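S.K.: Have a look; sequence and predicted model below, questions after that.
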Amino acid sequence: MALREIVKDNNEFLSKKSRPVEKIDGRIKQLVDDMKETLIKADGVGLAAPQVGVLKRIFVVDINVDKSDIREFINPEIIKKKGKNDKYLEGCLSFPGRSFKIVRPEKVTVRAQNLSGEWFVFEAEDFIARALMHENDHLDGITIPQIGKEVFE
Ligand SMILES: [Zn+2]
């Protein structure tokens with residue numbers, strides 16, 4: 001495993017659309033391992049591949065918010081959304097120190113592949129639903145300064 005550098009602010013990788021992963025090979029496994037390690041080091045909740053300069057449809061999310069289960073989502077699709085809320089301010093490792101108010105669904109269902117290539121369905125609500133939407137947006141080049149209202153605390 002190795003740490004990767006997190007790209008920030010106006011870096012071009014943050015505004016580009018990522019491509020699907022065709023084959024989950026050794027390089028993808030290495031990338032996912034590195035992303036997990038980088039997420040832990042940065043003390044974040046989620047990290048998407050474009051944030052480490054790789055335009056592939058992969059993100060990782062710390063689904064229990066205690067680093068006990070950092071899960072990879074490869075070729076993710078949001079297949080269901082329900083409700084909305086804006087009760088959390090949202091930050092991003094690529095925009096350190098900034099907070100944004102964003103309305104997101106209350107519940108989401110995501111379909112994705114794991115590192116073994118198996119498809120799984122994952123349902124989340126509240127804070128983790130928000131994290132999944134946030135990371136999924138990165139794969140389409142969408143970042144929180146574009147869609148949120150900045151809050152100065
Ligand atoms: Zn982010």
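M.R.: It's in.
S.K.: Which secondary structure elements does the top helix by length along the chain sit against?
M.R.: Secondary structure of the chain per DSSP state H: the longest helix is helix 26-42. Applying 3 or more CB pairs under 8 Å, 6 or more residues apart in numbering; DSSP states H and E, one finds that helix 26-42 contacts strand 46-48, strand 58-62, strand 70-82. C-betas here are computed from N, CA, C, even on glycine.
S.K.: and that helix, which residues are buried?
M.R.: Across helix 26-42, burial judged by 16 or more other CB atoms under 10 Å covers Ile28, Leu31, Val32, Asp34, Met35, Lys36, Glu37, Thr38, Leu39, Ile40.
S.K.: Then stretch 133-148?
M.R.: For stretch 133-148, using 16+ other CB under 10 Å, the buried residues are Met133, His134, Glu135, Asn136, Asp137, His138, Leu139, Gly141, Thr143, Ile144, Gly148.
S.K.: That stretch spans what distance, first to last residue?
M.R.: End-to-end distance for stretch 133-148: 13 Å, by CA to CA, to the nearest Å.
S.K.: again with stretch 141-153
M.R.: Stretch 141-153 has an end-to-end distance of 27 Å (criterion: CA to CA).
S.K.: Next, format the buried residues of helix 26-42 as JSON lines and append pLDDT.
M.R.: Formatted as JSON lines, these follow (pLDDT from 0 to 100):
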{"residue": "Ile28", "pLDDT": "98"}
{"residue": "Leu31", "pLDDT": "98"}
{"residue": "Val32", "pLDDT": "98"}
{"residue": "Asp34", "pLDDT": "98"}
{"residue": "Met35", "pLDDT": "98"}
{"residue": "Lys36", "pLDDT": "98"}
{"residue": "Glu37", "pLDDT": "98"}
{"residue": "Thr38", "pLDDT": "98"}
{"residue": "Leu39", "pLDDT": "98"}
{"residue": "Ile40", "pLDDT": "97"}
